[in-house]
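In: Provided below for reference: sequence and predicted model.
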Amino acid sequence: MVSKLGPERGRRCGECTDNVHGMGCHRILLRALAATVPLVLALTISSPAQSQPSLPPVSIEAAQSGPISSGAPTGTISGAIVDRDGAAIPNTGIVLKVGDFSAHGVSDGDGTFMFENVPAGSFEITFSASGFANLQQTGVLHPGERDILPPVQLVVATTVEVNVTQTREEIAEEQIHVQEKQRIFGVIPNYYVSYDPEAQPLNSRQKLELGWKFTFNPVAFGIAGVIAGVQQANNSFSGYGQGVEGYAKRFGASYADFASGTILGNVVFPVLLKQDPRYFYKGTGSRKSRLLYALANAVICKGDDGHWQPNYSSIMGSLAAGGLSNLYYPAANRNGVGLTFENTLIGIGASAAAGVVQEFFIRKVTPHAQDAQPSH
């Protein structure tokens, strides 16, 4: 209950019994609070902030292995890694070894590094960075020492590029090894045809190698034997007579024709004249163009320089073999120059026929040539 008093007596607030110049006690409290807040704020602002505890120096992340004895003397190793121009090299791998103790890590963005708590003693430190040659340094760390290494300078790694390529002779060697597997019906040698559009020219040794393997192939003896049998049955070269002796002479003459033609026309003259004795399969174009190509190969050939030229090797080989045949044919069948040119023309005709057969038929019945690509 509030009593109405005179102005000089003020008002009574609630149950309060004190009058203070007409002001209630709650107003006194508000004024006291208002006076206190600025004081608290002032004290708060003016109070010095508590300092944060200092952090230890940051070093590179280092994985350590090996025991460090309790109380063993240690030290610090630090430094910076730069290139020859003095620019920092960041992210350099670093391996530190001191006896059984080892630590490793990487340099920071400005190329610096620090290893702490390193056992005192002789140390070995290795630096490795991408594009730079590895560098190894050694030193001695004394107890309690802060060893700051001189700037570690890495040099650009020297890259030696080695191109391993086959020589022309090595490629040709591989190619003739493939040719030596070519057999018609899997039996009859078909060495002197190339189905490789990138065939390399043969050197002298390779021409000789291919020639003697073709000449002394067992199939060649068999074919000579068949020819001798047919000649004996027809009494060809009657001067040889009949019986075993006549057959042996015919066999020898037949094989001599084959061997001399091969050695002279496919080895000797191709080596001397630098010409390639092989037939290069065409396999593309019209039938007419392929036919003309096959026939022309009896009188033209590729030189060792890859250019087409007159086939002097084959023509001169046929002439030489024809002239040589006058030495072993019966006197009654020798016709001097006539027989020589006759055998030469036969040789050229046989080469033309062989080219046609090679171009249109033989590839189909030569197993190891089935996957070959035709030349263009």
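Out: Looks like it arrived, so ask away.
In: top helix in the chain by residue count?
Out: Ranked by residue count, the top helix of the chain under DSSP state H comes out as helix 337-360.
In: buried ones in that one?
Out: By neighbour count on 16 or more other C-beta atoms under 10 Å, the buried set for helix 337-360 is 339-340, 343-344, 347-348, 351-352, 354-356, 358-359. C-beta: built from backbone N, CA, C; applies to glycine.
In: what's the closest of the residues you listed to residue 186?
Out: Within those, proximity to residue 186 (C-beta to C-beta) peaks at residue 358, which comes in at 16.8 Å.
In: check the gap between that closest one and residue 182 for me.
Out: 11 Å (C-beta to C-beta, to the nearest Å).
In: follow-up on the earlier one: other SSEs contacting the longest helix of the chain?
Out: Here helix 337-360 touches strand 279-280, helix 287-296, helix 312-325, going by 3 or more C-beta pairs under 8 Å, 6 or more residues apart in numbering; DSSP states H and E.
In: what about 7 Å?
Out: helix 287-296, helix 312-325 (3 or more C-beta pairs under 7 Å, 6 or more residues apart in numbering; DSSP states H and E).
In: any weak-confidence spans in the stretch 151-300 of the chain?
Out: 159-164 (pLDDT under 70).
In: let me see the ranges of the helices in it.
Out: Remark: helices assigned in the stretch 151-300 of the chain by DSSP state H, counting those that start in this stretch are 168-179, 204-215, 218-233, 243-263, 269-273, 287-296.
In: chain center to the third one: distance?
Out: When C-alpha coordinates are averaged (C-alpha atoms, centre = their mean, to the nearest Å), helix 218-233 and its chain have centres 51 Å apart.
In: which neighbouring elements make contact with it?
Out: helix 243-263.
In: tell me which residues touch residue 81, please.
Out: By C-beta atoms under 7 Å, 6 or more residues apart in numbering, residue 81 lies in contact with 88-89, 92, 107, 111, 127, 152, 154.
In: what is the nearest of those to residue 256?
Out: residue 154 (75.5 Å).
In: can you count the residues close to the closest residue to that closest one other than its chain neighbours?
Out: What sits nearest to residue 154 in space, not counting adjacent residues and going by C-beta to C-beta, 6 or more residues apart in numbering, is residue 132, at 4.0 Å. By the criterion of other C-beta atoms under 10 Å, residue 132 has 18 neighbours.
In: please apply the same query to the one 3 residues further on.
Out: Other residues near residue 135 come to 16 when the count uses other C-beta under 10 Å.
In: wait, residue 356 sits on residue 294?
Out: Yes. Counting by C-beta atoms under 7 Å, residue 294 is a contact partner of residue 356 at 4.5 Å.
In: check the contacts of residue 81 and tell me the two furthest apart.
Out: With C-beta to C-beta as the measure, no two of those lie farther apart than 88 and 127, at 12.9 Å.
In: give me the more crowded residue out of the two.
Out: residue 127 (22 against 16).
In: now do the host helix or strand of that one: distance to the chain's middle.
Out: Assigned by DSSP states H and E, residue 127 belongs to strand 121-128. What separates the centre of strand 121-128 from the centre of its chain is 36 Å, taken as C-alpha atoms, centre = their mean.
In: returning to that earlier point: how about the residue nearest to residue 154, phi and psi?
Out: phi -120, psi 150 (degrees, to the nearest 10).
In: residues contacting it?
Out: Applying C-beta under 7 Å, 6+ apart, the residues near residue 132 are 154-157.
In: most neighbours, which of the residues you listed?
Out: Busiest of the contacts of residue 132 [other C-beta under 10 Å] is residue 154, holding 20 neighbours.
In: quick one: residues contacting that one.
Out: Taking C-beta under 7 Å, 6+ apart as the test, what residue 154 contacts is 81, 83, 89, 127, 129, 132-133, 135.
In: please tell me how far it sits from residue 104.
Out: From residue 154 to residue 104 the distance is 17 Å (C-beta to C-beta).
In: for the record, mean pLDDT for stretch 89-106?
Out: For stretch 89-106, the mean pLDDT works out to 93.
In: do me a favour and get the end-to-end distance for that stretch?
Out: Distance between the two ends of stretch 89-106: 10 Å, counting by C-alpha to C-alpha, to the nearest Å.
In: buried residues in it?
Out: Within stretch 89-106, the residues that qualify as buried by neighbour count (16+ other C-beta under 10 Å) are 89, 92, 94, 96-98, 101-106.
In: distance from the chain centre to that stretch, please.
Out: The answer for stretch 89-106 is 34 Å, by C-alpha atoms, centre = their mean.
In: could you dump the strand holding residue 127 to PDB, C-alpha only?
Out: What follows is strand 121-128, C-alpha atoms only, in PDB (Å, rounded to 0.1, in the frame of the first residue of the first chain):
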ATOM      1  CA  GLY A 121      78.100 -37.800 -34.200                       C
ATOM      2  CA  SER A 122      79.000 -38.300 -37.800                       C
ATOM      3  CA  PHE A 123      76.000 -37.900 -40.100                       C
ATOM      4  CA  GLU A 124      75.200 -38.600 -43.800                       C
ATOM      5  CA  ILE A 125      72.500 -36.600 -45.500                       C
ATOM      6  CA  THR A 126      71.100 -37.300 -49.000                       C
ATOM      7  CA  PHE A 127      69.000 -34.900 -51.100                       C
ATOM      8  CA  SER A 128      66.900 -36.000 -54.100                       C
END
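In: whichever helix or strand comes after that strand to strand 121-128, inter-axis angle?
Out: Sequence-wise, the next helix or strand downstream of strand 121-128 (DSSP H and E) is strand 135-141. Going by axes from the mean of the first three to the mean of the last three C-alpha atoms, to 10 degrees, strand 135-141 is angled at 160 degrees with respect to strand 121-128.
In: list the contacts of the next helix or strand after strand 135-141.
Out: Next along the chain after strand 135-141, taking DSSP H and E as the criterion, comes strand 146-148. For strand 146-148, contacts defined as C-beta under 7 Å, 6+ apart pick out 75-79, 139, 141.
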